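J.: Structure of the sequence below:
(one chain, ligands or ions: 1)
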Amino acid sequence: MIETPLREVYARRRSSHWRDRLRRLLEPPAPLIHNPQEDPGFPVGARNLYLGGAGSLTPGYLNVDLLATPEVDVVANAEALPFRPAVFDRVECDAVLEHVRHPDRVIREITRVLRPGGYAHLVTPFCHPFHAYPDDYRRFTPQGLKLLLPPELEVIHEGWRTGPAATMLVFTLEFVKQLLPWRLWRIAAHGVLGWTLWPLRYLDLLFFRRNDAGRLGNHCFLWVRKRERPHS
Ligand SMILES: C[S@@+](CC[C@H](N)C(=O)[O-])C[C@H]1O[C@@H](n2cnc3c(N)ncnc32)[C@H](O)[C@@H]1O
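T.: Next up, the predicted model:
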């Protein structure tokens, strides 16, 4: 399947053309909810870095992306960040590691630019459809994601951001759309199914309490902190 180029996807999000406004108005609610346990309320620092935010406003964060959009402050590859070591209090890396060629290099860069005691928030997909932003290379289990961490980073909180209900809804929508030959039909199916099925997303509130949510989890998260002293 050839996806709409990423730049167009982002441009449509902020476009004020009547057709895009109408599309946003008719867009069904997201087929997912976030785990309320995900944000333990770690304070945001004075200098914060957001990786891969070309499609969103990131107030309080310096926004870095490969793609130059009005939201981006610095155009750079997250595998080689143009910043001095230990300058950021917080790094947000949400749904980016599946799109980079070398996720280990990105984690190394996050570790380098974080100050000792600083936090990073990593979010990665496990069961999620292919989405080229601008490429899509892999999926992660929480164990696989943790294998990428250097000893300087300690995990302080982990879990599932979006659970099995999100997985089933997202895949059902994609599957039905893939059966349909014409774009207009796919848009109609997205609207009809999206508006019909979205309340099922609340089933994840039950799954988040269970320890087997990860069998079909959609996205997992890690909160990590850079150690103040070298790990022995
Ligand atoms: C799935 S989107 C992230 C969505 C974002 N977290 C949000 O919630 O709006 C992935 C983003 O990462 C960016 N990206 C992909 N590879 C990158 C790289 N090597 N360095 C910097 N940004 C990259 C893409 O351009 C895209 O904007």
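J.: CA atoms for contacts and neighbours, from now on please.
T.: Fine.
J.: Next, the buried residues of the longest strand seen in the chain.
T.: The residue-count maximum for a strand in the chain (DSSP state E) belongs to strand 114-125. Within strand 114-125, the residues scored as buried using 16 or more other C-alpha atoms under 10 Å are 114, 115, 116, 118, 119, 120, 121, 122, 123, 124, 125.
J.: And for stretch 205-214?
T.: Buried residues in stretch 205-214, counted by 16+ other C-alpha under 10 Å: 205, 207, 208, 213, 214.
J.: How about the contacts made by the residue nearest the centre of the chain?
T.: Against the mean C-alpha coordinate of the chain, by C-alpha atoms, centre = their mean, the closest residue is residue 95 at 2.6 Å. By C-alpha atoms under 8 Å, 6 or more residues apart in numbering, the contact set of residue 95 is 122, 123, 124, 125.
J.: Kindly report the same for residue 141.
T.: Going by C-alpha under 8 Å, 6+ apart, the list of residues near residue 141 reads 126, 220.
J.: how about 10 Å then?
T.: Residue 141 sits next to 124, 125, 126, 127, 147, 214, 215, 217, 219, 220, 221 when contact means C-alpha atoms under 10 Å, 6 or more residues apart in numbering.
J.: cool, residue 133 as well?
T.: 3-7, 9, 52, 67, 95-96, 98-100.
J.: Per-residue pLDDT of the closest residue to residue 115 other than its chain neighbours, please?
T.: Distances taken as C-alpha to C-alpha, 6 or more residues apart in numbering put residue 86 closest to residue 115, at 3.9 Å, once the chain neighbours are dropped. In this model, residue 86 is scored at 98, pLDDT.
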